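> 3D, please:
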Amino acid sequence: MAKLASTNREGKTKRSEVTELRAAGKIPAIVYGYEVDNTPVAVDENEFIKVIREIGRNGVIDLDVSGKAVKVMVTEYQFDSLKNQITHIDFVAINMKSEVTVDVTIEVVGEAAGVAEGGVIEHPIFEVSVTATPDNIPESIQVNVEEMQIGDTLYVSDIRSKGNFTIENEDDEAIVSVVPPQAEEPEEGEETEGAETEESEEAAEGSEESSDEDNKDEA
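Below is the predicted model:
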């Protein structure tokens, strides 16, 4: 289990103090939940990123809060894309014996056999809702698609037995499908060219008929 240190901070921090905190490479955060009062803390950004890379988005962290190790999970974090910076984190303290519900990523493994025949992979959902005790939550759920042919679909019901957890999604919800290739529609220019050719042929036929009629009149 990954460990992460934190420092306490004042509950009502001024904006200037928060800005100074972030400039120093710290992320303001809040800890709440099981046997923990709402506690404002700050954690080192680099250390937090290392921990998340190690255990994944749904991993359990031993967070040091005032010298006490508190088992927490990340429920939410805010990210400023312009500054490329995490601006706030919500940690929830958990009871390791109680189940929680989180979203878990679906990871597609391999290349479907149907793709070699021109089929196209469709991936309607990229995650499922999972309920389990914290130590049984998977970082991701892998689905192997190598044997899937054109027309095959993998449903939620097909992955229910993959671990010691419960998937909350409906059984008939499609995860991955291999669909036939779409027929190419003629380009607009090709349609126009074909239409012009037909019109030219009709005009030529009309001209020939007119010439025959004129010749008959002269005779």
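> quick one, what contacts Glu99?
131-133 (Cβ atoms under 8 Å, 6 or more residues apart in numbering). In short, each C-beta sits where N, CA and C put it, glycine included.
> Repeat that for Thr166.
Contact analysis of Thr166 by Cβ under 8 Å, 6+ apart lists 130-132.
> can you check Ile141 too?
Contacts of Ile141 by Cβ under 8 Å, 6+ apart are 104-107, 128, 130, 159, 162-163.
> Whichever of those residues count as buried, I'd like them selected in ChimeraX; how would that read?
The buried subset of the contacts of Ile141, as determined by 16 or more other Cβ atoms under 10 Å, is captured in ChimeraX by this line:
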select :104,106,128,130,159
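> domains in the protein, as residue ranges please.
Listed by automatic domain parsing, the domain ranges of the chain are 2-93, 100-179, 190-219.
> Where does the closest residue to Gln149 other than its chain neighbours sit: helix, strand or coil?
Take Gln149 and drop its neighbours on the chain: the residue closest to it by Cβ to Cβ, 6 or more residues apart in numbering is Gly114, 4.5 Å away. Three-state call for Gly114 (DSSP: H, G, I helix; E, B strand; the rest coil): helix.
> need the contact list for Gly114.
Contacts of Gly114 by Cβ under 8 Å, 6+ apart are 148-152, 178.
> Asp103 now?
127-130.
> which residues does Asn164 contact?
With Cβ under 8 Å, 6+ apart, Asn164 has these contacts: 132, 136.
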